[in-house]
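Chemist: Provided below for reference: sequence and predicted model.
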Amino acid sequence: MNETTVTLVGNVATGVEYRETPTGGVARFRFAVTARRWVREQSAWADGSTSFYTVSAWRSLGANLAASVTVGDPLVVHGRLRVREEERDGRRKTFVDVDAVAAGHDLTRGTAAFRRAVRPVGAAEPAPRDAQSQSGTEGSVTLAPPSVEQPTPVF
């Protein structure tokens, strides 16, 4: 199958919203990618235009992103590119989305300490929904899914 895959390097522009859906959890956030170029005359880097993408990450990747990423974090995101057009307020608008396959902090701009996600024994995907999501709160937004440990600061 011919799909357009991209690798983007940029910064998280909005908070990560995590939702449980009937097909599994999904995390969504806006991602800003700013082109930079070297200006020889000034011997300095200059920012170009910024492009914004909506990134969606499903199942365990989405849960781990929601627990690990905050606004402003530098990331590398790899996934399938989707371009869609919609009509809003009588005007045609174009949106660019990325269905993430992999994502991680950009280690050229800082350090990170990796921790494996806690998984139930024998489960390939996260455990079945807990009692809270079975009580009719499906689709609600949470900042961090309960099945992922919160990061511990490393100094």
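Modeler: That came through fine. Since the model is a prediction, treat every value here as computed from it, not as a measurement.
Chemist: mind checking pLDDT for Arg115?
Modeler: Per-residue pLDDT puts Arg115 at 89.
Chemist: same check, this time on Arg88
Modeler: Confidence score, pLDDT, at Arg88: 88.
Chemist: Pull the number of nearby residues for it.
Modeler: For Arg88, the count of nearby residues is 8 (other CB atoms under 10 Å). Where you see a C-beta, it was placed from the backbone N, CA and C, and this is true even at glycine.
Chemist: what about the helices in the protein?
Modeler: Remark: helices assigned in the chain by DSSP state H are 59-68, 131-134.
Chemist: State the mean pLDDT of the last one.
Modeler: Which is helix 131-134. In the prediction, helix 131-134 has an average pLDDT of 40.
Chemist: Compute the distance between the closest residue in space to Gly62 that isn't next to it in sequence and Ala13, please.
Modeler: Spatial nearest neighbour of Gly62, excluding adjacent residues (CB to CB, 6 or more residues apart in numbering): Ala27 at 3.5 Å. According to CB to CB, to the nearest Å, Ala27 and Ala13 sit 14 Å apart.
Chemist: The two: which has the busier surroundings?
Modeler: The neighbour comparison of Ala27 against Ala13 (other CB under 10 Å) goes to Ala27, with 25 against 17.
Chemist: Give the residue farthest from the middle of the protein.
Modeler: Glu41 (36.9 Å; CA atoms, centre = their mean).
Chemist: And that residue, what's its pLDDT?
Modeler: 94.
Chemist: Run through the bridge partners of Val9.
Modeler: Val76 (DSSP bridges).
Chemist: I'd assumed Asp106 was in contact with it.
Modeler: Yes: in this structure Val9 lies within contact range of Asp106 using CB atoms under 8 Å: 6.0 Å.
Chemist: so what's in contact with these two at the same time?
Modeler: Common neighbours of Val9 and Asp106, using CB atoms under 8 Å, 6 or more residues apart in numbering, are 74-76.
Chemist: and which of the residues you listed is nearest Phe95?
Modeler: Proximity of these to Phe95 (CB to CB) peaks at Leu75, which lies at 19.6 Å.
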